[in-house]
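S.K.: I would like to see how this sequence folds:
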Amino acid sequence: MTKNALLTRQTYTVNNKYDFDENSYKSLFLDLPIGYAFFEIIYDENNKPHNYKFIEVNSIFEEKTGLKSSELIGKNISVFFECIDNKKTEQLMLHAGRAIYKGKQQEFEIYNKHVNKWYKIHLKSPNSKVLVTYLIDITKEKLHMIELENSRRRMENIIEATDIGTWELNMQTGERIYNERWASILGYTLEELSPINEDTWRSLVHPDDLQQELDKDVSLYNKEIECYDDEYRMRHKDGHWVWIQDRGKVISWTEDGNPLLLSGTHTDITAKRNRQEEVLYLSYRDQLTGFYNRRYLDENLKEIDVKKNLPISVILADVNGLKLTNDSFGHSVGDDLLKKATDVIRSGCRSTDKLVRIGGDEFLIILPNTESWKAVEIIKNINSLALKEKVRGIDVSISFGYKTKRRIEENFNDVFKSAEANMYRHKLYESSCIRNKTIEIIMNTLYEKSNREMLHSKRVGEICEEIALKLNFDREKAIQIKLAGIMHDIGKMGIDENILNKPQRLSYEEYNELKRHPEIGYRMLSTSNDYSEIADYVLKHHERWDGNGYPGGFKGEEISIQARIIAIAEAYDDMIYGMPYKKSMSIDEAIAELKRCSGLQFDPNIVEVFVNLITERNLREE
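M.R.: Sure, this is the predicted structure:
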């Protein structure tokens, strides 16, 4: 007889009292691997179930409860209550009543304190006289769930400590789970955003970033990528945009290959992005004047020199007497003269005009949609303003030349050269333009402060050139990066020589001071037309491949290949020749260290090229 057949019988009899088919059933009941018990239902005077008396149990029930049948048969169910807590006792009685009145199976969980186990109890009343219950041991499952819950709580504590927002998505049910930090990054509570669905996320993502993220989701669902790590903007409750680093992956799939569960994290990287923007601003701006620099011109000229901007007028400006001012009053006064000159240029131009510092005392003004007569008018306006300004009694004098491009076929460089020639013709009473020699002076001063820096810089330059040639750079570019390698630490000119030559490990404050040298070097180099490109390499030569470098936190190919080469060359030279507070390494030790940091601190491709270069050199020397 099956269990279902047993439960559908109209009456149950034990010891011939309840019409119980003992011969066909009892042996099966006693041998079942599930704990069974039968109770006689005791009614009160109002014909309501009042209590339940044990009439039969099997050995498994005895084992699971820790109670013998001799202790149970004929006893009230209260005997069983002693092994569970009071709250579960009330629950047991409530479910028993429901099983009797509704005729439907009831189930719930209990903990047996006598045997330290968890059970699921099932209750069924096949008729008004008998209540049947059976127990299933769920201890393993329960302990597993408790461990999972503990692990989840531990992970939540870890995540909370790292200040990261988390999300989970069930693709079949649409259920989304977020932690409070996820909402707080955007200035909300979870309750304020609820119910959270796909439309909630879409409404918060910046419109310019939305489509690329949707495309990335499709690639993830189609298994074109294993996971994603993207940066995009989301709207804060206050209205501003927050930069989010969103990492996610599919953690389980359906049998037919569709994504089922996804999870990931959101990290607020606004501060990091702001730092990168600041570094990018430094890369495109002349620090003294605030004008664009030559690098900006080189990288953006194609966007400016387009048909819709015709006619384009070009003005070349040269500040007169700057060298004389520097020689006579010092560079601080010369800087004041330059700044005053740029102030009047800025005041005399329009907001749509592009102002570029292209040399020490030379400036380029690009005027889109401007005819020659308007360029002349702007020059007159600037000169008029300049006549009112003096620095230490020195007149602010600027020479100008201009040229207008009217046809897209005209070469911009030819227009530029015509304007430049025009400017020189207006400098008859002034000395010809003299290139700024500040960089050479700074380098010599740095070498005077530290002999080690002089030798180190020259070696780094030579290594950079070797790597560049191995990477098939043309000769001109190889020489340029050699010069960049020589000048990579030029910013240390602004660092106390006691820090540079300190024989002990630097303190936290000293190290932070030393970390300023890429930006200092950038500012020094970017003021010279000849070194504007090199300035960017110097700015980023302490950035890391994994994005954990300084000053901007750039990573991978966001860092120029020249800066990546300098980083490896400098590190290798430091290891081979040592530092004031660090012993030197052998070539093999240095190679091992480069390989260890490959893909983390350094570009792995350049490391491989450089290691092969060293190996080949060693073989030749042997």
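S.K.: so what strands line up beside the single longest strand found in the chain?
M.R.: Longest strand of the chain, by residue count under DSSP state E: strand 241-253. Note on strand 241-253: by DSSP bridges, its sheet partners are strand 227-235 (antiparallel), strand 259-268 (antiparallel).
S.K.: Give me the below-cutoff pLDDT ranges for the stretch 101-250 of the chain.
M.R.: 148, 150-163 (pLDDT under 70).
S.K.: Would you map the strands across it?
M.R.: 106-112, 117-124, 130-137, 165-170, 176-178, 227-235, 241-253 (DSSP state E, counting those that start in this stretch).
S.K.: and the angle for the second one with strand 130-137?
M.R.: What that stands for is strand 117-124. Angle, strand 117-124 to strand 130-137, by axes from the mean of the first three to the mean of the last three CA atoms, to 10 degrees: 150 degrees.
S.K.: Enumerate every residue touching the spatially most central residue of the chain.
M.R.: Nearest to the centroid of the C-alpha atoms of the chain, with distances taken as CA atoms, centre = their mean, sits residue 245, at 4.4 Å. Counting by CB atoms under 8 Å, 6 or more residues apart in numbering, residue 245 makes contact with 229-231, 266-267, 269. For the C-beta atoms, the positions are set from N, CA and C on the backbone; glycine is no exception.
S.K.: my read: residue 419 touches residue 404, true?
M.R.: No: look at residue 419 against residue 404 with CB atoms under 8 Å: they stay out of range, at 9.0 Å.
S.K.: Now do the shared contacts for those two.
M.R.: Listed as contacting both residue 419 and residue 404 by CB under 8 Å, 6+ apart are residue 314.
S.K.: sorry, back to before: distance of the residue nearest to the centre of the chain relative to residue 117?
M.R.: In this view, residue 245 and residue 117 are 46 Å apart by CB to CB, to the nearest Å.
S.K.: more crowded one of residue 419 and residue 404?
M.R.: Taking other CB atoms under 10 Å, residue 419 and residue 404 do not tie; residue 419 has more neighbours (23 against 20).
S.K.: just to revisit the earlier point, report the beta-bridge partners for the residue nearest to the centre of the chain.
M.R.: Assessed by DSSP bridges, residue 245 has beta-bridge partners residue 231, residue 267.
S.K.: Tell me where the stretch 251-400 of the chain has helices.
M.R.: Taking DSSP state H, counting those that start in this stretch as the test, the helices found in the stretch 251-400 of the chain are 270-284, 294-304, 322-329, 331-348, 372-386.
S.K.: got the buried residues for the fourth one?
M.R.: What it means is helix 331-348. For helix 331-348, burial by neighbour count (16 or more other CB atoms under 10 Å) applies to 334-338, 340-346, 348.
S.K.: Please name every helix or strand in contact with it.
M.R.: When contacts are defined as 3 or more CB pairs under 8 Å, 6 or more residues apart in numbering; DSSP states H and E, helix 331-348 packs onto strand 312-319, helix 322-329, strand 354-357, strand 362-367, helix 372-386, strand 390-391, strand 398-405.
S.K.: need the least confident one among those, by mean pLDDT.
M.R.: Within these, confidence is poorest for helix 322-329, with a mean of 63 (mean pLDDT).
S.K.: who wins for most neighbours among the contacts of residue 245?
M.R.: residue 266 (23 neighbours).
S.K.: What distance do you get for that one to residue 521?
M.R.: Note on residue 266: its distance to residue 521, by CB to CB, is 36 Å.
S.K.: go on, residue 69?
M.R.: Separation of residue 69 from residue 521 (CB to CB): 89 Å.
S.K.: In terms of packing, which of those two has more residues around it?
M.R.: residue 521 (26 against 15).
S.K.: Not counting its neighbours along the chain, what's nearest that one?
M.R.: Counting by CB to CB, 6 or more residues apart in numbering, residue 521 lies nearest to residue 491, which is 2.9 Å off, once chain neighbours are set aside.
S.K.: quick one: terminal-to-terminal distance for stretch 523-536?
M.R.: 10 Å (CA to CA, to the nearest Å).
S.K.: in terms of contact, does residue 121 touch residue 92 like I think?
M.R.: Yes: between residue 121 and residue 92 there is a contact under CB under 8 Å: 7.0 Å.
S.K.: Common neighbours of these two, please.
M.R.: Common neighbours of residue 121 and residue 92 (CB under 8 Å, 6+ apart) are 108, 110.
S.K.: Save the helices of the stretch 251-400 of the chain as TSV, and put in distance to residue 103 too.
M.R.: What follows is the helices of the stretch 251-400 of the chain, written out as TSV (distance: least, CB to CB, whole Å):
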stretch	distance to residue 103
helix 270-284	62
helix 294-304	80
helix 322-329	102
helix 331-348	90
helix 372-386	95
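S.K.: Of all these, which one comes closest to residue 567?
M.R.: Residue 567 lies closest, by CB to CB, to one member of the helices of the stretch 251-400 of the chain: helix 270-284, at 15.6 Å.
S.K.: Dump the C-alpha coordinates for stretch 93-112 into PDB.
M.R.: Presented in PDB, the C-alpha positions along stretch 93-112 are these (Å, rounded to 0.1, in the frame of the first residue of the first chain):
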ATOM      1  CA  MET A  93      -1.000  23.400  17.300                       C
ATOM      2  CA  LEU A  94      -2.100  26.000  14.800                       C
ATOM      3  CA  HIS A  95      -1.000  24.000  11.800                       C
ATOM      4  CA  ALA A  96      -2.700  20.800  13.300                       C
ATOM      5  CA  GLY A  97      -6.000  22.700  13.600                       C
ATOM      6  CA  ARG A  98      -5.700  23.800  10.000                       C
ATOM      7  CA  ALA A  99      -4.900  20.200   8.800                       C
ATOM      8  CA  ILE A 100      -8.100  19.000  10.500                       C
ATOM      9  CA  TYR A 101     -10.500  21.700   9.400                       C
ATOM     10  CA  LYS A 102      -9.200  22.300   5.900                       C
ATOM     11  CA  GLY A 103      -8.200  18.800   5.100                       C
ATOM     12  CA  LYS A 104      -5.000  20.000   3.500                       C
ATOM     13  CA  GLN A 105      -1.400  19.100   4.400                       C
ATOM     14  CA  GLN A 106       0.400  21.600   6.600                       C
ATOM     15  CA  GLU A 107       4.200  21.900   7.000                       C
ATOM     16  CA  PHE A 108       6.700  23.900   8.900                       C
ATOM     17  CA  GLU A 109      10.200  23.600  10.400                       C
ATOM     18  CA  ILE A 110      11.300  22.900  14.000                       C
ATOM     19  CA  TYR A 111      14.500  22.500  15.900                       C
ATOM     20  CA  ASN A 112      14.800  19.500  18.200                       C
END
